[in-house]
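> sequence and predicted structure, then a few things I'm wondering about:
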Amino acid sequence: MTKADVVLQISHKTGIDKQTVAACVDAFIDTVSDSLVAKEPVYMRGFGSFILKTRKEKLGRNITRNTSLIIPEHQIAAFKPSKKLAVRIK
């Protein structure tokens, strides 16, 4: 499902025009992104959490040059579904 599909589904379910729904979806994405950049997790009860996970430093390989390189420790964004959502998915 794409962002356009999500906008269309919400528009049909709520009766709100697609431009307004698209603006709301964009605002939601911006808000979550800004929170993660500020290193603040976003918790949505009954849905899940948008969190930052830390990946440890590791040794990698550049196969084209046949050399080793160190990949530094870094953070990645992750989504952890709530127990309620996990049960629905199963």
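Nice, I can see it.
> from now on I want contacts and neighbour counts done on CA atoms only, so please keep to that.
Will do.
> outline the domain layout of this structure.
Taking automatic domain parsing as the reference, the chain has its domains at 1-39, 41-90.
> any chance of a markdown table for these, columns mean pLDDT and mean neighbour count?
Formatted as a markdown table, the domains of the chain follow (pLDDT from 0 to 100; neighbours: other Cα atoms under 10 Å):
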| stretch | mean pLDDT | mean neighbour count |
| --- | --- | --- |
| domain 1-39 | 96 | 13 |
| domain 41-90 | 94 | 12 |
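> and the helices in the chain?
Ranges of helices within the chain are 3-14, 18-37, 83-89, based on DSSP state H.
> now those as JSON lines including distance to I70?
Putting the helices of the chain into JSON lines (distance: least, Cα to Cα, whole Å) gives the following:
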{"stretch": "helix 3-14", "distance to I70": "36"}
{"stretch": "helix 18-37", "distance to I70": "24"}
{"stretch": "helix 83-89", "distance to I70": "36"}
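> for the ones you listed, which one sits closest to Q75?
Set against Q75 and scored by Cα to Cα, these come closest in helix 18-37, at 10.2 Å.
> what sits against V6?
Applying Cα atoms under 8 Å, 6 or more residues apart in numbering, one finds that V6 lies in contact with no residue.
> please shift the residue numbers so they start at 30 in all later answers.
Sure, I'll start counting at 30 from here, so that last one is V35.
> quick check: it vs H41, distance?
V35 sits 10 Å away from H41, taking Cα to Cα, to the nearest Å as the criterion.
> who's in contact with A51?
Residues counted as contacts of A51 (Cα under 8 Å, 6+ apart) are V36.
> same question, the one 5 residues further on
With contacts taken as Cα under 8 Å, 6+ apart, A56 has no neighbouring residues.
> do me a favour and get the end-to-end distance for stretch 106-119?
Across stretch 106-119, the terminal residues are separated by 23 Å (Cα to Cα).
> contacts for that stretch?
Where contact means Cα under 8 Å, 6+ apart, the residues beyond stretch 106-119 that reach it are L65, R74, G75, F76, G77, S78, F79, I80, L81, K82.
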